[in-house]
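The following comprises the amino acid sequence and a computationally predicted model.
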Amino acid sequence: MTGEQIGQVLDTLVVTDDAVPVSGADSGFALPDAMLRLLNRVVEAAGVRNVFEFGSGRSTKALLAAGCTVTALEHSQSWLVQTLASLTAEERSRLHAICQPLELVFYQGAPFRSWVLDGDTLQRLSAAEMVLIDAPAFPPFREHALSVSLRHSGGGLIVVDDGGIPTVRRFCARLAGVAGTMHRESPIDHGLYFMVRGAGAGSPPRRRLVETAKAWRRYFMAGSMCPTGL
Ligand SMILES: C[S@@+](CC[C@H](N)C(=O)[O-])C[C@H]1O[C@@H](n2cnc3c(N)ncnc32)[C@H](O)[C@@H]1O
């Protein structure tokens, strides 16, 4: 499917009853049921079979249960063990799980804790028909994963969780607001931001200086709040 066709699919799905903000049961750090249902509908309607996930958990289980093949990149061994324990043997056979620590990376002059992907992982990312960015757990750090996903995109749908957080919304709007990139938002629960980079899409604009200064401040604040390295 082209980005335009996926945009049309999203236009029909995000007006359903599920696609409104809900205050359902707290699922902690994981995606709540309503969001998983919407993602499953997108997967079905867009014919997605091959998914790459930044992070793992309930979404991994849901995507495997929907019949997809999943590559999940996770920094937390204990979280991954929990995810694996939730899967059937058949589901595990369709999961390629990578446990890799977050490290300090820079994107457009701002620091993030994120992943540096090796060649095999980048190939998996490029081949994915859907990329779900729901990690690192500190949502502002996902800007780096999104920039890598757009740069290496093979035309798949990229979905960012926590689009309801102003910082996340701003970096999604900036990175997706390029001619040739389809983008849509859903206000469902945490908020989802969808995008497909077209073959001829240009490079994203640079971040404003004030946003870069905020990213530096967030980096140091996240370090003091999360010494375990989120
Ligand atoms: C926001 S969670 C969601 C992952 C997945 N998409 C899901 O639906 O479950 C993203 C990451 O947060 C981390 N995480 C999960 N629970 C956590 C907790 N209680 N404290 C800190 N990090 C946590 C895990 O490493 C996970 O990959």
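Good, I have the coordinates.

quick one: the strands in this structure?
50-54, 69-74, 95-99, 103-107, 110-114, 130-133, 157-161, 181-186, 192-197 (DSSP state E).

Go through those strands and name the closest to the ligand.
Nearest to the ligand among those is strand 69-74 (5.1 Å), distances taken as C-beta to the nearest ligand atom. Every residue, glycine included, has its C-beta placed from N, CA and C.

So what are the sheet partners of that closest one and their directions?
Counting by DSSP bridges, the strands paired with strand 69-74 are strand 50-54 (parallel), strand 95-99 (parallel).

Let me know which of the ones you listed is tucked in deepest.
strand 50-54 (a mean of 24; mean count of other C-beta atoms under 10 Å).

Quick one: distance of that one to the chain centre.
Here strand 50-54 is found 8 Å from its chain centre; the criterion is C-alpha atoms, centre = their mean, to the nearest Å.

tell me how far the longest helix seen in the chain is from the chain's mean position?
Counting by DSSP state H, the longest helix found in the chain is helix 209-225. Relative to the centre of its chain, helix 209-225 is centred 21 Å away, using C-alpha atoms, centre = their mean.

Report the mean per-residue pLDDT for it.
The average pLDDT within helix 209-225 is 89.

burial of the residue of the chain found nearest the ligand, as a residue count?
Using C-beta to the nearest ligand atom, Gly57 is the residue of the chain that sits closest to the ligand, at 2.1 Å. The tally of other residues near Gly57 (other C-beta atoms under 10 Å) stands at 23.

For the closest residue to Thr69 other than its chain neighbours, give me phi and psi.
Spatial nearest neighbour of Thr69, excluding adjacent residues (C-beta to C-beta, 6 or more residues apart in numbering): Arg94 at 4.7 Å. In terms of degrees, to the nearest 10, the main-chain angles of Arg94 are phi -100, psi 10.

Okay then, goodbye and thanks.
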